[in-house]
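> Got a predicted structure here, sequence first:
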Amino acid sequence: MAEVFGTAASALAVIELAAKVTKLCVQYGKDVSNARDDIGRISTEVTNLKTVTESIRQLLGGPQEAKLRTSRNLYTALQDGQRELQRLQEDLTPGKGRKAMRRIGIRALKWPFRSEDVQKKIDVFQRCSQTVSLALQVDQM
């Protein structure tokens, strides 16, 4: 039973972080024109991860919880997603220097990733989403 609470708590953390990261991506999309494709790709994968995580959270809190053996073991996948989302949020959060420059009217927002970095992050989010989706499918059989 404790593992269900841990998985549910991880799912909630992933959902909250995904919402924050999506908001940051939207801000970068407005301010940084040369990285719109990368921003869109990351934002899409974060949204996908959030969607499947919300599904698992709903199932783990529902009446079918006892039958969901595979889904209860998703803690590791959700932790991986959560860690990557935290790193992404930290990388995307404007520092003090950018905030100060913005106050005086200078747009100092710069996309902090190269395309290769974006692809690595997308791969992590896709792997987490696929793991959660597969567990959901196994439990539905």
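Good, I have the coordinates. Residues are numbered from 1 along each chain as shown.
> In this structure S129 contacts V52, no?
Yes. Distance between S129 and V52: 5.1 Å, which falls inside the contact criterion (C-beta atoms under 8 Å). The C-beta positions use only the backbone N, C-alpha and C, and glycine is treated the same way.
> Show me what stretch 126-137 is in contact with.
The list of residues contacting stretch 126-137 from outside it, by C-beta atoms under 8 Å, 6 or more residues apart in numbering, reads 45, 48-49, 52-53, 55-56, 59, 70-71, 73-74, 77-78, 80-81, 84.
> can you check stretch 24-36 too?
39-40, 42-43, 46, 89, 92-93, 107, 109-111, 113.
> which is the next helix or strand following the helix or strand harbouring A9?
For A9, the enclosing helix or strand under DSSP states H and E is helix 2-31. From helix 2-31 onward toward the C-terminus, using DSSP H and E, the following helix or strand is helix 36-60.
> relative orientation of that next one and helix 2-31 in degrees?
Here helix 36-60 points in a direction 160 degrees away from that of helix 2-31 (axes from the mean of the first three to the mean of the last three C-alpha atoms, to 10 degrees).
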